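J.: Next come a sequence and a model predicted from it.
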Amino acid sequence: MNLILFGPPAAGKGTQAKRLVHSRRMVQLSTGDMLRAAVASGSPLGKRVEGIMREGGLVSDDIVVSLIEERLPEADAAGGAIFDGFPRTLAQAQALDTMLEGRGARIDLVIRLKVDDAALLQRIAGRFAESGRPDDNPESFKVRLAAYNDQTAPLLPYYQNHNKLVEVDGMGTVDEVACAIDEALDAPRW
Ligand code: ADP
């Protein structure tokens, strides 16, 4: 099973993905984590993306698509992946469909975590002090939210048209959201 956790920055995608890794033995493929690891390692790729990430912009489609492609064999071996923070543009969504198709797989479900902007801003304000992420500051967060609204939210109709989209209220506690995700995953869909 291949699942996309979809939603704006700070919606809780990473938290919920990590829980699913434990409860369902799935592999989490987070392009944000992969890019942060590249930056931390000081690799040429890390040097290329560091500034873009700090400012909250999107890294190029080619880069993130290759990062995901490298990790697909691992997802195959585990029986599927949770895509977290990917895809973020229509080109990434199409590349993902093509890559999966080439491996005889597909996206089974897209779970959208719905959190309103006011709640996001409140959450992130709490995180600014403690996360240690250079993009967790008010200016970068504004850019990240704008990138989501302009480039990522338009993927919703794409997945809706393919009958893959399920919406979950992301405003509750971590456990409440986890329960709602479990219900969505276990519901008969066809
Ligand atoms: P968040 O969901 O809190 O914004 P992520 O860890 O998913 O955090 O992403 C952090 C940053 O990494 C993004 O702001 C962007 O610069 C870069 N990034 C991550 N995934 C992608 C992607 N799929 N396409 C382009 N840039 C990405």
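T.: Good, I have the coordinates. Numbers count the residues shown, from 1 in each chain.

J.: give me the element the single nearest residue of the chain relative to the ligand is part of.
T.: Closest contact between the chain and the ligand, by C-beta to the nearest ligand atom, is at residue 32 (1.8 Å). Backbone N, C-alpha and C define where each C-beta goes, glycine included. Assigned by DSSP states H and E, residue 32 belongs to helix 31-41.

J.: Give me the next element, helix or strand, following that helix.
T.: Toward the C-terminus from helix 31-41 - assigned by DSSP H and E - lies helix 44-55.

J.: most centrally placed residue in this structure?
T.: Taking C-alpha atoms, centre = their mean, the centroid of the chain lies closest to residue 85, which sits 1.9 Å from it.

J.: List phi and psi for that residue.
T.: phi 80, psi 10 (degrees, to the nearest 10).

J.: Now do the contacts for it.
T.: Counting by C-beta atoms under 8 Å, 6 or more residues apart in numbering, residue 85 makes contact with 13, 14, 30, 31, 32.

J.: Okay, angle between the longest helix seen in the chain and helix 31-41 too, please.
T.: Longest helix in the chain, counting residues (DSSP state H): helix 61-78. Put simply, helix 61-78 runs at 110 degrees to helix 31-41, going by axes from the mean of the first three to the mean of the last three C-alpha atoms, to 10 degrees.

J.: quick one: average pLDDT of stretch 150-167?
T.: Stretch 150-167 comes out with an average pLDDT of 96.
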